[in-house]
Every structure is written in structure tokens, then in C-alpha cells.
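# any chance you can model this:
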Amino acid sequence: MPDKATFRQIVWPFAIAETIVWAAMYYSFPALLLEWERDLGWSKTELAGAFTSGLIVSAILAPVMGRLIDHGYGRYVFMGCMMLGAVLLCVLSRITEIWQFYAVWIGLGVAMSGALYEACFAIITRSFGVDAKRAITLVTLVAGLAGTVSFPSAHALVEIMGWRYTVIVFAGAMIFVAGPLIWIGCRAADRMAEGRANVPSHKAQQALQVVKTVTFWALALAFAMLATHHAMIVTHILPMFDERGIPKEAAVLAASMLGPMQVAGRLAMMAAERHVSTMIIASGCFIAVGGASAALFGTAAIPSLIVLFVLLQGAGNGVVSIVRPVLVATLLSRRNFGVISGLTAVAFMAGSAFGPTIGSLIWEAGGYDLVISVAIVMPVIGLILLLVAGRFSSPVLEDE
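Numbers count the residues shown, from 1 in each chain. This is a model prediction of the structure:
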């Protein structure tokens, strides 16, 4: 276990930086979706398609970024992608055409592939090894507030200066606050990794052997279900609440509370992890988000169910951020963790990518009642796949 000073030098800078990066690059999309629809005149489906395109690019590049991190280039991946994201947010403030909107979000997909949790956790796992879980938990405890930062700040800034200057403010926060913190944290992580990090396979083909196992596919697809579910719900949360007659102020408050509920879920996990396995905790995540969708469906008749929805949706997805990398390391391998985590993230991020567009298409076909009905079924399928992954976990994949 690293000394407390080194732990703090890595974890706290990463935690604050990830909060800002997630708020600016990811949650800004759902937070500003209605503003773009009103101001630019494009449909939700057209807008969501840009976000989807960016997340597809992010998914494709995740294994590449992971491989670079495995070989010690984490500092340059993390810092470079964060700076790219900030520049593109500034470009976003100037767009007037739909193709420009798509081009910016495709570029932001490149930035997200090396600046969100996947890259951060790969750097942490490379440095901390078997002690990574605690560090990952603490990072997500803080960064779970990203939505809480993004939704109300975007709402307030739009009222004052419009959405174009709002995204510039977000870019400034990334450059002047997140940037120095990432550099500090990565330097400490590099020092800690010296003589400690697992040596990655020299040939990428060796790491790719994992894709031949049932465990890999079941685990990847299980969490892809949750990613698709969460993307569908979060991207459409404000128009979904609007259709169900929930006032705008209450809707923004509810969306903003998803972050604190993520933190609450992670705190509950920390209290329970000594008594139950990671697999049981992960199963609880799937049950929680399924229950959240059921509660959301009921808000049309009982608006107060919005409280239960926020609690379960936030807590369930908050814990996923921790258990997913832990299960990847436990059921698959810590060696080549960056590339293996990136490979599993392809399905996860593809789910995040297609979720907004899938939600839009389902909405066009049958309204948000149909979207929520589909959202209830998805965690059930995911839970079955998770149990299959645990059942077929192969000792062949244990660390060499």
C-alpha cells in the first residue's frame, strides 16, 4: 500500500480533475440539449446523433489509449486529451451548421477516450496494482458530483450569458483547473509505478486472447446494457420529465441530484464491501437501475416517485463506476489491464454512444412511456449476463 502522501498526491488531483472533465465534456450535452434544440432548430434525434458519433469514436479508441497507458504514456494521454477537449468546446461555441456540430463531437470523442474514467482508472491500476480499488472508489466519490456541477451551472450560466459562452466557461475550467491537477497526479502516479507496474505483453495479440472467453463477452455486454440504459435516461431526462408534467425547476433539481446519489451509493458500497462480494454488489446495481426505471414510469401518476427514481438511478450507476474496473481486473487480468479494460469499454462506451439515439428513435415510435418500458427490461438482461460472466470465470486469465 502506498504511503498517505503519495496516495493523496494522486487521488485528490485526479478526483477533482475528473469532476471537471466529466461535467464539461460529457454532462454538458444533456444539460444543454434543450437549449440547442431551441436555438439551433435541430431535432433531438439529430443532436443525439452527434453525441452518439463522438462516443463511438471514444469506444473505438479506448483500447489504443489503454495500450499507451500500459506502456507508461498515461501522462501524455490524459493531459493531451483533456486539452483537446477544451479547445473543441471553444470551437463548439462558434458552430452554426449541423455538420460542424457533428465534427466537434466526433473530435470530443477522441478527447473523451483518453480523459474520462477509463484512462484515469488505467493509470491508477497501473500504479496501485491490487490496491487500486480504494483509489478508484475515492476518485468516483468526488467525480460522481460532475452531473451536480454541470446541470445547475449550465442552467445558471445559460440564463446569464447564453449557451455559447457557457461552453467557453467549461473549457476554461478544464484548462486552468483540471489541467494542472492532471499533470500533478500523473507525475506522482509515474513515480509510484516505477518498479511496481505489471509489465505488459510485448505483443498486442497476447492481450487480445481475452476476447476468446465467455467471461469477457458476458461481462462486456452486461455492463453495455447498463451503459445504454443510463445514456437513454440521462440524455433525455429533462424532456422526459417535461412530458410527464414535472416543472422545469424540479426537473433540473432532480437531474442535479443524480450526482449526490451516486456518491451516496458509493459510500453505501464502502460500508457493505467487507460483508459481501463485489459480484453481489454489482448485481445490486442492475436491480437498482431496473427499479429506478419502474419508479420513473410511475411518476406520470405519482410525481413523488421522482425521489425514488433519483435515489436508485444515481446510487446504482454510481457503484457501477467502481465495480466494473474491479471485476475486469478480478475476472480477467491485471496484466495488460489498460488494453483489456479498453476492450471491455468498447461495448460499454458503444452502449453510451447509441443510448441517446436509441432513446430518440424509441421516443419517435412510441413516446417516452415506451422508452422507459425498454429501460426496465435492459437491466434484467444485463443481470443475467453478469451472472454468466461470474459462472464462467477462467483461472487461465489470472495474472501471470
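
# shouldn't residue 136 be in contact with residue 326?
Yes - if you go by CB atoms under 8 Å, residue 136 and residue 326 touch, sitting 7.3 Å apart. Backbone N, C-alpha and C define where each C-beta goes, glycine included.

# of the two, who's got more company?
Ranked by neighbour count (other CB atoms under 10 Å), residue 136 and residue 326 place residue 136 first, with 26 against 20.

# gap between stretch 378-396 and the chain center?
Taking the mean of its C-alpha atoms, stretch 378-396 sits 21 Å from the chain's own mean (CA atoms, centre = their mean, to the nearest Å).

# who are the packing partners of the helix ranked longest in the chain?
Looking across the chain with DSSP state H, the single longest helix is helix 337-391. Counting contacts by 3 or more CB pairs under 8 Å, 6 or more residues apart in numbering; DSSP states H and E, helix 337-391 is packed against helix 44-70, helix 117-128, helix 204-207, helix 214-235, helix 237-243, helix 278-298, helix 305-327.

# give me the buried positions along the helix or strand following the longest one.
Sequence order places helix 74-92 as the next helix or strand after helix 44-70, per DSSP states H and E. Burial within helix 74-92, assessed by neighbour count using 16 or more other CB atoms under 10 Å, is assigned to 74-75, 77-89, 92.

# can you tell me which helices and strands helix 74-92 packs against?
helix 4-21, helix 44-70, helix 98-115, helix 117-128, helix 146-173, helix 179-193.

# what's next to the last one, contact-wise?
By CB atoms under 8 Å, 6 or more residues apart in numbering, the residues outside helix 179-193 that reach it are 2, 6, 9-14, 16-17, 72, 74-75, 78-79, 82-83, 86, 123-124, 126-128.

# at 7 Å instead, please
Residues from elsewhere that reach helix 179-193 (CB atoms under 7 Å, 6 or more residues apart in numbering): 2, 6, 9-10, 13-14, 16-17, 74-75, 78-79, 82-83, 123, 126-127.

# that helix vs helix 117-128, what angle?
Put simply, helix 179-193 runs at 40 degrees to helix 117-128, going by axes from the mean of the first three to the mean of the last three CA atoms, to 10 degrees.

# may I have helix 179-193 exported as CSV, CA atoms only?
Extracted in CSV, the C-alpha atoms of helix 179-193 (Å, rounded to 0.1, in the frame of the first residue of the first chain):
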residue,chain,number,x,y,z
GLY,A,179,-5.0,20.7,-16.4
PRO,A,180,-2.6,21.4,-13.6
LEU,A,181,-4.2,18.8,-11.4
ILE,A,182,-3.9,16.1,-14.1
TRP,A,183,-0.2,16.9,-14.5
ILE,A,184,0.5,16.8,-10.8
GLY,A,185,-1.4,13.5,-10.3
CYS,A,186,0.2,11.8,-13.4
ARG,A,187,3.7,12.8,-12.2
ALA,A,188,3.1,11.2,-8.8
ALA,A,189,1.5,8.1,-10.5
ASP,A,190,4.5,7.7,-12.8
ARG,A,191,6.9,7.8,-9.8
MET,A,192,4.8,5.2,-8.0
ALA,A,193,4.6,2.9,-11.0
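
# how far off helix 74-92 does it point, in degrees?
Angle of helix 179-193 versus helix 74-92, following the same axes, to 10 degrees, is 160 degrees.

# tell me the angle of helix 179-193 relative to helix 98-115?
30 degrees.
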